[in-house]
Structures are given as structure tokens and as C-alpha cells.
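**Q** only the shape, not the letters, is given here:
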DNA sequence: ACCTGAACACCGTTCAAGT
DNA sequence: ACCTGAACACCGTTCAAGT
């Protein structure tokens, strides 16, 4: 990568990059075992280092958890970007990324679970770790961009100049997608449909709330639900 | 239940009902500490019994967790029933129970978290504990009944004779409500609105997908999205 | 700078007894 | 039937050293 000026690189004790190794092993344990409650000691064991070694790279277990979650969010973002590449129509993009979102979640439930929750769920932590926050924000950004694009194209019933409305629309879509993923992962809901059928039909329903219902009526003046 | 023939009831060692006591204490710890990762030993400590005593009433920690989650679902069901009592219009009921649902979740995030997930999230358990399943099903039943009622009244765009369609509609609404609750609990999304405003506006959006858009077009023949 | 190994204060769970 | 207390195999985290 960069020019190696120093000959005979110092080479730390055992690993070239223990930090990365630990993250990868943790990711592997989560994926294989489908259990995000791995122990720090086990990860160290698999890496062939003492149980103390991880503390040279992570402040505590939660810090490693956060790093793993961040990788999960990066993968999610990349997956969404890949899914929408080549599609032009805004609603088609929305369907594509939501479908991909659910599929990715169901593809690795333990990782998805790790990403959403435990990193801060244990204690009443004030906020999520910065690493997780930024990675999650990037993934969310993909969705928000699509909403904004659709709003500009007049496909969605929200003004591109109304940041709050845009954020709410994105939150609505995300809530439905996230909630569906969670309910299915938790085996709380298991309809007798294939996953794909379910995703397809549900997304059509949920997205219906955002999709402009009667184009002619939405031209101007948002009809306030009378009360 | 049965006639007590024996006088001078034996009275167990310390408690009249240790099982119930343990559940209540666990509930208290979760609520006060806002941390569902309590230790079995701490619960026993608070109850004034040895750390072994709980095993006379619960198979393992997960069994106690399940009992606590079941109480949570019962409270949820009762809250939803109370929220919809006295309302006649189907959509108004739907808004009322969804609003109440989110409020209850946000009111005790740790308990909500406990209910959805960890009881089975740790290991790749095949299914949730029966106790949790039935209690959860009852809470879900409240929502499904409302959907069915609305379908019969012709308020929702689904046939009352189509069980699959009804289940999907319920799943769509539940996904949105559950997902919103989770995202807010996890502090992943925190729009600059009051919780009530957010709930109000979001529900209107999400429910829009289920609400019949153009009554005249929905009379017969579900327009299949061409492809 | 990065690692080891012993140590501490906790866990969940089980065994062998007690009444 | 229900409880106690010791014991086992684990944790996360820290201390005192090693190179």
C-alpha cells in the first residue's frame, strides 16, 4: 500500500493487526453461532491471544460490540446502494432497498440484532457509541436520499423543501421495514407466505401510506384531516 | 381452587408465594434500573432467599425472563383494550391503540426490550417460550380484531373473508408501530417533535397504506400491480 | 507499544444436604 | 416440598509484570 521505508518492520508480538482480527472473529462467531452474546474471552481464545490482549485495542466489551455493529451497518449501506444501482424510478428504488433491507436482516439475524439494541440496551446509556451512530446514519442516509429524490420528482406526497416532512416520511418507511424485520427475526410473526411474497405485499401496503394517493388532490394544500 | 381439607396449612419456609415474588422483583428491577440484564442472584438477594431458591420455581433464568415478558404482554393487551373502549369508528380505534402501543413501549423501554427479543435471542432457539407466545398472541389479537372489524365495516381495503389478507394488514400495521417504538427506544431516530406529534403524524402516514384510498375503485377486483 | 498471567468480584447452574 | 450452602466452570475487568 504505502512505501515501506523501514526494513525489517517491527512486527508486533503475534499479530499484524489484532484489532481487525478480533472484529473479524467476533463477526464470524456471531454469524456462525447466530448468537451475539459472545464472550470476550472466547474471541481472544480463537485469536490465540490471552484474554487480556483485547483490552489493548478496545476499551471494553461494548467497544468491540460497537465495532462489529459498525461493520454491519457498512454492509447494510453497501447492500442498499448495490440494490438500487441501475434503477431510475423512485418508488421502484424504494421497494428495492426495503426488500434488500429485510433480506439482509433475515440473512444474519444475530448481526442485525447486535446492530439494533444491545450496544446500548444493557445500561441506560445516554447515546449509542459514536462509531455506531455514524455508521447507522450513513445507512439511513441512503433511504433519506431516495425519499428526497422521490419528493423532487413529485412521486411522494411530501415537499422537498420540508426537511421535517422528509424526515418523517423516511422514519415512516424505516419503521415499517425495521419493524417487519424484527418481528420476523423474533419469530413473532410467521405468515404462511414465502419471505419474498411477504416482503413484496407488505411493502406495497406500507409504502402506500407514503405514495401519493390522488395526484390531482395533492397538487396544493395538504388536506388536513378534519377534527 | 380445591377445598382445603388440611387445617394449619404447611406454609413454606419464607414466602407465601416466592414465584410471584420473584417475578415482581424482577419486574421492579427492570423498571427501576431500566436494564433487563438483571442477574438471577440479585433477584434472589432482593427477595431475601438463597441464590439457589429460584430454581425451585423456574427451570432457569430464561424461564423467569419469560414470565416477566408475559406480564409485560398482559399489561400491553390490557392497555390496548382500555384505550379502545368507548370508541366506535374503526380507524379511530386503530389510531388509538397504535398510539397507546407506542406510548406504553416508550414508557418502559427496558421491559419492552425484554418482551421482544432476548427471551430467545441469545441462542438460536427454535421458538419463543409458550408462556410468551400465548401472552403475545393475545396482545396481537386485539389488533387483529380491530382490523377485522374495520374490514367488515368496509373501512379498510381488505376483505373480511380473506384471512391471509387480514393477517398481512395486521402485520403491516404492527410492523410500523413496533418498528417506530424500537427506533425511538434505541435512540436511533429522534426527530425534533414531541412524541405525541410524531406518533400522530407517523400513524396517519403508515395507516394511510391500509386505509382505502379510492373507495369506488376498491369495490371489487383487487388491482394487481402489473408486472 | 503490546502482550502475559494471576487475581478479583461477579455470574448461572448443579450437588449434597438439611427441615 | 422447599430451602441452604458449597462447589464448578465460566465471565468482564484490573494489576503487576514482562519484552
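**A** Now that the structure is in, tell me what you want to look at. The model shown is predicted, which means the values in this text are computed figures rather than measured ones.
**Q** so, low pLDDT: which residues of chain A?
**A** Residues of chain A meeting the criterion pLDDT under 70: A:1-15, A:118-126, A:190-191, A:194-195, A:206-227.
**Q** tell me how it divides into domains.
**A** Domains of chain A are assigned by automatic domain parsing as A:18-56, A:70-215.
**Q** and the longest one, how far out from the chain middle?
**A** Centroid separation for domain A:70-215 versus its chain: 8 Å, with CA atoms, centre = their mean, to the nearest Å.
**Q** cool, and the shortest one?
**A** Centroid separation between domain A:18-56 and its chain, computed with CA atoms, centre = their mean, is 22 Å.
**Q** which elements pack onto the strand or helix carrying residue A:148?
**A** Assigned by DSSP states H and E, residue A:148 belongs to helix A:130-152. For helix A:130-152, the packing partners by 3 or more CB pairs under 8 Å, 6 or more residues apart in numbering or on different chains; DSSP states H and E come out as helix A:61-84, helix A:90-107, helix A:163-185. Just so you know, the C-beta spots here come from the backbone N, C-alpha and C atoms, and that holds for glycine as well.
**Q** just the element for residue A:87, please.
**A** Secondary structure (DSSP H and E) places residue A:87 outside all helices and strands.
**Q** wait, it sits on residue A:93?
**A** Yes - with contact defined as CB atoms under 8 Å, residue A:87 counts as touching residue A:93 (4.9 Å).
**Q** who's more crowded, the two?
**A** Counted by other CB atoms under 10 Å in any protein chain shown, residue A:87 and residue A:93 do not tie: residue A:93 has more neighbours, with 24 against 15.
**Q** from the centroid of chain A, which residue is nearest?
**A** residue A:73 (4.4 Å; CA atoms, centre = their mean).
**Q** nearest residue to it in space, please, no chain neighbours.
**A** residue A:135 (3.6 Å; CB to CB, 6 or more residues apart in numbering or on different chains).
**Q** let me see the contact set for that neighbour.
**A** Residues counted as contacts of residue A:135 (CB atoms under 8 Å, 6 or more residues apart in numbering or on different chains) are A:69, A:70, A:71, A:72, A:73, A:74, A:77.
**Q** would you agree the last one is in contact with residue A:138?
**A** Yes - with the criterion set as CB under 8 Å, residue A:77 and residue A:138 qualify as a contacting pair; they are 5.1 Å apart.
**Q** next, count neighbours for residue A:39.
**A** The tally of other residues near residue A:39 (other CB under 10 Å) stands at 11.
**Q** from residue A:24, how far out is it?
**A** Going from residue A:39 to residue A:24 by CB to CB, to the nearest Å gives 17 Å.
**Q** same check on residue A:53?
**A** Taking CB to CB, one finds residue A:53 at 15 Å from residue A:24.
**Q** so if I had to pick from those two, which one is more boxed in?
**A** residue A:53 (18 against 15).
**Q** once you drop chain neighbours, what's closest to the more buried one?
**A** Distances taken as CB to CB, 6+ apart place residue A:44 nearest to residue A:53, at 5.8 Å, with adjacent residues excluded.
**Q** contacting residues around the helix or strand encompassing the one you found?
**A** In this assignment (DSSP H and E), residue A:44 forms part of helix A:40-47. Contacting residues not belonging to helix A:40-47 are listed as A:15, A:18, A:21-22, A:25-26, A:29, A:50-54, A:61, A:64 [CB under 8 Å, 6+ apart].
**Q** follow-up on the earlier one: do I have it right that the residue nearest to the centre of chain A meets residue A:141?
**A** No - in this structure residue A:73 lies outside contact range of residue A:141 using CB under 8 Å: 10.9 Å.
**Q** for burial, what's the neighbour tally of the closest residue to residue A:200 other than its chain neighbours?
**A** If the residues on either side of it in the chain are set aside, residue A:200 comes closest to residue A:99, at 7.3 Å by CB to CB, 6+ apart. Residue A:99 has 18 neighbours, counted by other CB under 10 Å.
**Q** equivalent analysis for residue A:56, please.
**A** Other residues close to residue A:56 by other CB under 10 Å number 10.
**Q** quick check, it in contact with residue A:49.
**A** No - using CB under 8 Å as the test, residue A:56 is too far from residue A:49 to be in contact (9.3 Å).
**Q** got the residues of chain A near DNA strand D?
**A** By CB under 7 Å from any atom of the strand, the residues of chain A that approach DNA strand D are A:38, A:39, A:40, A:41, A:42, A:51, A:52, A:55, A:60, A:61, A:62.
**Q** wasn't residue A:111 part of a helix?
**A** Yes - under DSSP: H, G, I helix; E, B strand; the rest coil, residue A:111 sits within a helix.
**Q** ok, and the closest non-adjacent residue to it?
**A** Closest to residue A:111 by CB to CB, 6+ apart is residue A:72, at 4.9 Å.
**Q** and whatever helix or strand residue A:197 lives in, what other elements does it pack with?
**A** Secondary-structure element containing residue A:197, defined by DSSP H and E: helix A:195-208. Helices and strands touching helix A:195-208, by 3+ CB pairs under 8 Å, 6+ apart, are helix A:90-107, helix A:163-185, helix B:163-185.
**Q** burial of residue A:147, as a residue count?
**A** 27.
**Q** rewinding a little: so the residue nearest to residue A:111 touches residue A:114, yeah?
**A** Yes - with contact defined as CB under 8 Å, residue A:72 and residue A:114 form a contacting pair (6.6 Å).
**Q** quick check: neighbours shared by the two?
**A** Contacts common to residue A:72 and residue A:114, judged by CB under 8 Å, 6+ apart, are absent.
**Q** what's around the residue in chain A positioned nearest to chain B, how many residues?
**A** Going by CB to the nearest CB, chain B is nearest to residue A:179 of chain A, at 2.5 Å. Neighbour count for residue A:179, taken as other CB under 10 Å: 26.
**Q** I appreciate the help and will end here.
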